[in-house]
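**Q** structure for this input, please:
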Amino acid sequence: MNQFLKHSYKTDVGKVRSHNEDAVQIFQNNQLTIMVVADGMGGHAAGDVASKMAITAVAEQFAHDLTFSTKESVGEWIEKLFTEVNAEIYAFGRKINEKQIGTTLVVTVVSTDFITFASVGDSRAYMLAYDKLRQVTTDHTYVRGLIEAGQISERAAKLHPKKNSLEKALGAKEKVEYDFLTLENYDVDAVLLCTDGLTNLVEDQEVLAVLKTEITTAEKVEQLIEKANNRGGRDNVSIALVEFAEGSDA
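**A** Numbering: from 1, shown residues only. Model prediction:
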């Protein structure tokens, strides 16, 4: 299936932060593509460690010719991954006496028959289909809870002082709660994963416009990061983008 996929990923420290707590990577073999984005949090550079723990865990498992025969087997792998990495980060936080350590995590598995999304935190996954950009994941934030309760509007949420306050994160508690979704018989043009360094500064319609531009996949990733940095680059920004070339049987 991979001859039908174009992909690119990149992380950037931004214009304000002194170090990068994001991590991003795309893994591919003949059977599947796995996209991973993580945004770490915690003092004394612990956020760097947390996000890299998540990426490393996927890399180590992918190195063993990872394949999935059914969508159920993906679900079992995701549960094991999130549970084990959560325990590892949680234990590390106690070891260094850093209770605020954690990371967001979005993992997307793309195969010929299905796409699976798993997420915790406020990093996002989007799908581009029929010229529309759809956010697949839900932000696990205090402000998202206010929106869903009808207490504030989407517009007001963007200015809320607690807009980046996470309700869930990998490694923050002994047990992790995450969202999980599998789509079968999908028909999409692209899948985008990103940290909030992009979405806090660049509107979805602007992202859509870039994705529809006739440039390479790598150039689209570069252009999106540039937009975030041109607006202040207040946070690290990471993007993973997979595009389905014409002729794909997906």
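**Q** show me what the host helix or strand of Arg155 is packed against.
**A** According to DSSP states H and E, Arg155 maps onto helix 154-157. Helices and strands touching helix 154-157, by 3 or more CB pairs under 8 Å, 6 or more residues apart in numbering; DSSP states H and E, are helix 142-148. The way it works is simple: take the backbone N, C-alpha and C, and place the C-beta from them, glycine included.
**Q** what mean pLDDT does the helix holding Arg155 have?
**A** Averaged over helix 154-157, pLDDT sits at 70.
**Q** how about residues contacting the very next helix or strand once past that helix?
**A** Where DSSP H and E defines the elements, the next helix or strand beyond helix 154-157 is strand 179-184. Residues from elsewhere that reach strand 179-184, judged by CB atoms under 8 Å, 6 or more residues apart in numbering: 71, 74-75, 78, 113-120, 136-138, 140.
**Q** which stretches in this structure count as helices?
**A** Ranges of helices in the chain, per DSSP state H, are 46-62, 71-95, 142-148, 154-157, 196-199, 204-211, 217-230.
**Q** for stretch 42-55, list the C-alpha coordinates in CSV.
**A** Output in CSV follows, covering the C-alpha atoms of stretch 42-55 (Å, rounded to 0.1, in the frame of the first residue of the first chain):
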residue,chain,number,x,y,z
GLY,A,42,7.0,18.7,33.2
GLY,A,43,9.7,20.7,34.9
HIS,A,44,13.5,20.3,34.6
ALA,A,45,13.2,19.2,30.9
ALA,A,46,11.1,16.2,32.0
GLY,A,47,8.6,16.9,29.2
ASP,A,48,11.3,16.1,26.7
VAL,A,49,11.8,12.7,28.3
ALA,A,50,8.1,11.9,28.4
SER,A,51,7.4,12.6,24.8
LYS,A,52,10.5,10.7,23.6
MET,A,53,9.5,7.7,25.8
ALA,A,54,6.2,7.5,23.8
ILE,A,55,7.9,7.7,20.4
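**Q** and that stretch, how far out from the chain middle?
**A** Centroid separation for stretch 42-55 versus its chain: 15 Å, with CA atoms, centre = their mean, to the nearest Å.
**Q** in that stretch, what counts as buried?
**A** Neighbour-count burial for stretch 42-55, with 16 or more other CB atoms under 10 Å as criterion, is recorded at Gly42, Ala46, Gly47, Asp48, Val49, Ala50, Ser51, Lys52, Met53, Ala54, Ile55.
**Q** same question, stretch 25-35
**A** For stretch 25-35, a neighbour-count test (16+ other CB under 10 Å) marks Gln25, Ile26, Phe27, Gln28, Leu32, Thr33, Ile34, Met35 as buried.
**Q** which one of those residues sits closest to Ile101?
**A** Closest to Ile101 out of these is Gln25 (20.5 Å), distances taken as CB to CB.
**Q** quick one, what contacts the closest one?
**A** Contacts for Gln25 (CB under 8 Å, 6+ apart) come out as Tyr9, Val36, Ile55, Val58, Ala59, Ala240.
**Q** hey, C-alpha coordinates of the helix or strand of the chain with the lowest mean pLDDT in PDB?
**A** Least confident helix or strand of the chain, by mean pLDDT, DSSP states H and E, is helix 154-157 with a mean of 70. Extracted as PDB, the C-alpha positions of helix 154-157 are listed here (Å, rounded to 0.1, in the frame of the first residue of the first chain):
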ATOM      1  CA  GLU A 154     -15.600  28.100  20.700                       C
ATOM      2  CA  ARG A 155     -14.600  31.700  20.100                       C
ATOM      3  CA  ALA A 156     -14.400  32.500  23.800                       C
ATOM      4  CA  ALA A 157     -12.400  29.300  24.400                       C
END
